[in-house]
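**Q** test case, fold it:
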Amino acid sequence: MSNRFIEVVFDVIKNYLGEVLLTLTIFFFVLCQRWFWKLRDKQKFKAEKPIWSPGHKKLCIIFSTNGKKELNIYDVSTGKKTKLEISIAEGQTPTWSPDGTKIALVSDQDGNKEIYVVNADGSNLRRITDDPAEDICPQWSADGSKLTYFTRMNGILVIKTVDIAEVD
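**A** Next up is the predicted model:
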């Protein structure tokens, strides 16, 4: 299926049948795409953890192909898909900022689990933590100004908080 075909189907469903049916359609396409990839290339393809932004304007989905996890952001109103050039660490779920403008995620692309923040349109990817410990499970403060996360070193978990404004 071409991306344009999928965009047209999403637009028709959203405009005439609403967001609930659009959500069900997205899950259907994710399942169909998984099936299609398995048949076509014999690759292990998996879509997981679809997460709605606050206000349900964007959807973030993790796609796995042969063990590599990538984050994709879909703008429901425009049908635009943005694929981030960063891998997601195993077992980690991205989280939306309270205002829906940013996403916090954990990546192990540099060999260690670190916290990153990216704008909801896929721009301005920046590393928030940079230490030898594993940094996992980021959660936003209610006002979106801070991230709280666990850091694990030598099996000991410690809760830390970072002010996002200081990192920008």
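
**Q** shaky segments in this structure?
**A** Along the chain, the model assigns pLDDT under 70 to residues 1-46, 66-67, 167-168.

**Q** run the last query once more with 50
**A** The model of the chain has pLDDT under 50 over residues 1, 39.

**Q** can you show me the strands along it?
**A** 45-52, 58-65, 68-75, 81-87, 95-96, 102-107, 114-119, 126-127, 134-140, 146-153, 156-163 (DSSP state E).

**Q** now those strands as a markdown table including mean neighbour count?
**A** C-beta coordinates here come from the backbone N, C-alpha and C atoms, glycine included. Formatted as a markdown table, the strands of the chain follow (neighbours: other C-beta atoms under 10 Å):
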| stretch | mean neighbour count |
| --- | --- |
| strand 45-52 | 15 |
| strand 58-65 | 19 |
| strand 68-75 | 18 |
| strand 81-87 | 15 |
| strand 95-96 | 18 |
| strand 102-107 | 22 |
| strand 114-119 | 21 |
| strand 126-127 | 13 |
| strand 134-140 | 19 |
| strand 146-153 | 17 |
| strand 156-163 | 12 |
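
**Q** surely Glu134 and Lys113 touch.
**A** Yes. Counting by C-beta atoms under 8 Å, Glu134 does reach Lys113; the two are 4.2 Å apart.

**Q** figure out how far stretch 161-168 is from the centre of its chain.
**A** Stretch 161-168 sits 20 Å away from the centroid of its parent chain (C-alpha atoms, centre = their mean, to the nearest Å).

**Q** which residues are contacting that stretch?
**A** For stretch 161-168, the external contacting residues (C-beta atoms under 8 Å, 6 or more residues apart in numbering) are 102, 115, 117, 126, 128-129, 141, 144-149.

**Q** how about a cut-off of 6 Å?
**A** With contacts defined as C-beta atoms under 6 Å, 6 or more residues apart in numbering, stretch 161-168 is touched by Ile128, Ser145, Lys146, Leu147, Thr148.

**Q** and what of stretch 88-108?
**A** The contact list for stretch 88-108, computed with C-beta under 6 Å, 6+ apart, reads 49, 53-55, 60, 62, 69, 71, 86-87, 113, 116-120, 136, 138, 140, 144, 147.

**Q** quick one: end-to-end distance for that stretch.
**A** For stretch 88-108, the first and last residues are 7 Å from each other (C-alpha to C-alpha, to the nearest Å).
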